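Sequence and predicted structure below; questions after.
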Amino acid sequence: MKERTQDLPKPTEFELDLLCALWKRRSATVRELHEDLNKVRPLGYTSILKTLQIMTEKGLVQRSESGKAHIYSATASEEQTQAQLIRDLSQRLFSGSAGQLAMRALTMQKPSTAELQQVSALIKRSKERR
């Protein structure tokens, strides 16, 4: 997986759907992605193929050949991509403030007890690093 996701372009919404399917499978053929995504909404095989070709050109996915089939895999991990998108969102909407971003996220939906415990643990570790 590529280390510097900041060098990668931000995926479109449909590209992100394909990346999510790839992260679940680790790698997949167009046919496998078509089957997975069609469980959620009807999509054409050629739309998925064309988008994967564009994503390959952008560097978002890698393609290898196994016999006649082309196997696609994500260039960056799910965590790396999430971090890139959150950094961008934080910069654009919250002047780079992770605290403001976190507070807004916590006010949008009621977090579970487990999520609140995780947030508390993160706050505690953050204070210890100061």
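Everything's here; your move. Numbers count the residues shown, from 1 in each chain.

Okay, helices next: where are they in the chain?
Remark: helices assigned in the chain by DSSP state H are 13-25, 30-38, 45-58, 78-94, 98-108, 113-129.

Can I get these in TSV including mean neighbour count and distance to residue 64?
From N, CA and C alone the C-beta is placed, and that goes for glycine too. Putting the helices of the chain into TSV (neighbours: other C-beta atoms under 10 Å; distance: least, C-beta to C-beta, whole Å) gives the following:
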stretch	mean neighbour count	distance to residue 64
helix 13-25	17	13
helix 30-38	17	13
helix 45-58	16	11
helix 78-94	14	20
helix 98-108	12	37
helix 113-129	10	36
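
and of these, who's closest to residue 7?
Distances from residue 7 to each of the helices of the chain were compared using C-beta to C-beta; the shortest belongs to helix 78-94, at 9.6 Å.

CA atoms only for the closest one, dumped as PDB, please.
Taking Å, rounded to 0.1, in the frame of the first residue of the first chain, the C-alpha atoms of helix 78-94 are listed here in PDB:
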ATOM      1  CA  GLU A  78      -9.000   2.300   4.300                       C
ATOM      2  CA  GLU A  79      -7.300   4.000   7.300                       C
ATOM      3  CA  GLN A  80      -5.000   6.000   5.100                       C
ATOM      4  CA  THR A  81      -7.800   7.100   2.900                       C
ATOM      5  CA  GLN A  82     -10.000   8.100   5.800                       C
ATOM      6  CA  ALA A  83      -7.200  10.100   7.300                       C
ATOM      7  CA  GLN A  84      -6.600  11.900   4.100                       C
ATOM      8  CA  LEU A  85     -10.300  12.800   3.700                       C
ATOM      9  CA  ILE A  86     -10.700  13.800   7.300                       C
ATOM     10  CA  ARG A  87      -7.500  16.000   7.100                       C
ATOM     11  CA  ASP A  88      -9.000  17.700   4.100                       C
ATOM     12  CA  LEU A  89     -12.400  18.200   5.700                       C
ATOM     13  CA  SER A  90     -10.800  19.500   8.900                       C
ATOM     14  CA  GLN A  91      -8.700  22.000   6.900                       C
ATOM     15  CA  ARG A  92     -11.600  23.200   4.700                       C
ATOM     16  CA  LEU A  93     -14.400  23.400   7.400                       C
ATOM     17  CA  PHE A  94     -12.700  23.700  10.700                       C
END
